[in-house]
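Student: Got a predicted model here, sequence first, then my questions.
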Amino acid sequence: MPLSKWALALIRANLEELQKGNRVRLVAIGTLTDVQLDAINQERKTLAHPPIAVEVVFIGRHIYESRVVT
């Protein structure tokens, strides 16, 4: 999964804002390769789930709460 040029800064910024107790926005951090996207969507199709998009987004709340807050 290729990350965007600013992915690490966006991830860090969201985690820092969560630490302060602030709400954060969904940020685009990268894209799946064609091979990754195709494999995921083929599996989702067998489970009768809709396909996903190529863009990878990050919020960070789950990571922060499960890794930092615990």
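Tutor: Right, received. Where do you want to start?

Student: buried sites along stretch 41-56?
Tutor: 41, 56 (16 or more other Cβ atoms under 10 Å). For glycine as for every other residue, the C-beta is placed from the backbone atoms N, C-alpha and C.

Student: and the end-to-end length of that stretch?
Tutor: Stretch 41-56 stretches 14 Å from its first residue to its last (Cα to Cα, to the nearest Å).

Student: same question, stretch 51-61
Tutor: Using Cα to Cα, the end-to-end distance of stretch 51-61 comes out at 24 Å.

Student: Next, the contact list for the spatially most distant residue from the centre of the chain, please.
Tutor: Distance from the C-alpha centroid of the chain, by Cα atoms, centre = their mean, peaks at Thr46 (22.9 Å). Listed by Cβ atoms under 8 Å, 6 or more residues apart in numbering, the contact set of Thr46 is empty.

Student: go on, Val27?
Tutor: When contacts are counted by Cβ under 8 Å, 6+ apart, Val27 touches 10-11, 13-14, 57-59.

Student: now these: which count as buried?
Tutor: 10-11, 14, 58.

Student: so what's Arg67 scoring on pLDDT?
Tutor: Reading off the confidence values, Arg67 has pLDDT 89.

Student: Against Glu16, how distant is it?
Tutor: According to Cβ to Cβ, to the nearest Å, Arg67 and Glu16 sit 14 Å apart.

Student: what about these two, which has more around it?
Tutor: The residue with more neighbours, out of Arg67 and Glu16, is Glu16; 13 against 9, by other Cβ atoms under 10 Å.

Student: residue ranges of the helices in this structure, please?
Tutor: Counting by DSSP state H, the chain has helices at residues 7-19, 34-46, 61-64.

Student: Mind listing residues that contact the last one?
Tutor: With Cβ under 8 Å, 6+ apart as the contact definition, helix 61-64 has outside contacts at 15, 18-19, 24.
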